[in-house]
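Chemist: next come a sequence and a model predicted from it.
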Amino acid sequence: MEGELMSISNRIAELKLELPIVKAPAANYANAVRSGNYVYCSGTVPVTPEGEIPKGKVGRDLTTEQGAEHARYVGLHLLSILKEEVGNLDRVKRVVKILGMVNATPDFDEHSKVINGCSDLFESVFGVKHARSAVGMGSLPFGISVEIEAIFELVD
């Protein structure tokens with residue numbers, strides 16, 4: 001019905017998504033901070049279903065498609081962090097914005113296709129598009145392939 005929010009938990013189950021275990025911050029920061037109706041998630045690493053953190057440089061060690069898969073893993077990790085922060089994903093109204101950072105070679109130019117791995121996941125879960133930036137970096141912490149931060153809006 002118009003005006004009703006979909007159950008994010010049900011949507012995740014319908015899509016048969018498995019959320020990874022939340023990785024502890026690797027430095028002096030919080031995974032997420034809530035302010036009013038918004039949750040700000042720190043830059044987050046990809047976590048494979050086996051619990052591994054993929055590394056490598058897109059354009060040298062990884063293809064665009066592999067980078068997009070890693071960005072999808074980051075999106076799943078962000079959902080885990082969000083769930084840990086708010087207790088129930090049904091409290092989430094939408095994704096407002098993401099910033100996607102790709103560990104890429106200087107000549108790589110498909111950053112947006114890599115970050116689509118996360119954006120496509122979020123659109124399938126929340127049913128709406130979000131604002132975003134997709135940029136290339138000369139390196140990322142610990143040699144990870146992709147890092148993404150996100151802002152989520154909670155239901156009033």
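Modeler: Structure received. Numbers count the residues shown, from 1 in each chain.
Chemist: pretty sure residue 139 contacts residue 103?
Modeler: Yes - counting by C-beta atoms under 8 Å, residue 139 sits close enough to residue 103 to count as a contact (6.1 Å). Heads up, the C-betas are built off the backbone N, CA and C, glycines and all.
Chemist: those two: which has the busier surroundings?
Modeler: residue 103 (27 against 10; other C-beta atoms under 10 Å).
Chemist: got phi/psi on the closest residue to the more buried one other than its chain neighbours?
Modeler: Excluding the flanking residues, the one nearest residue 103 by C-beta to C-beta, 6 or more residues apart in numbering is residue 140, at 4.3 Å. Torsion angles at residue 140 (phi, psi; degrees, to the nearest 10) stand at phi -130, psi 160.
Chemist: how about the one 3 residues further on?
Modeler: According to degrees, to the nearest 10, the main-chain angles of residue 143 amount to phi 80, psi 10.
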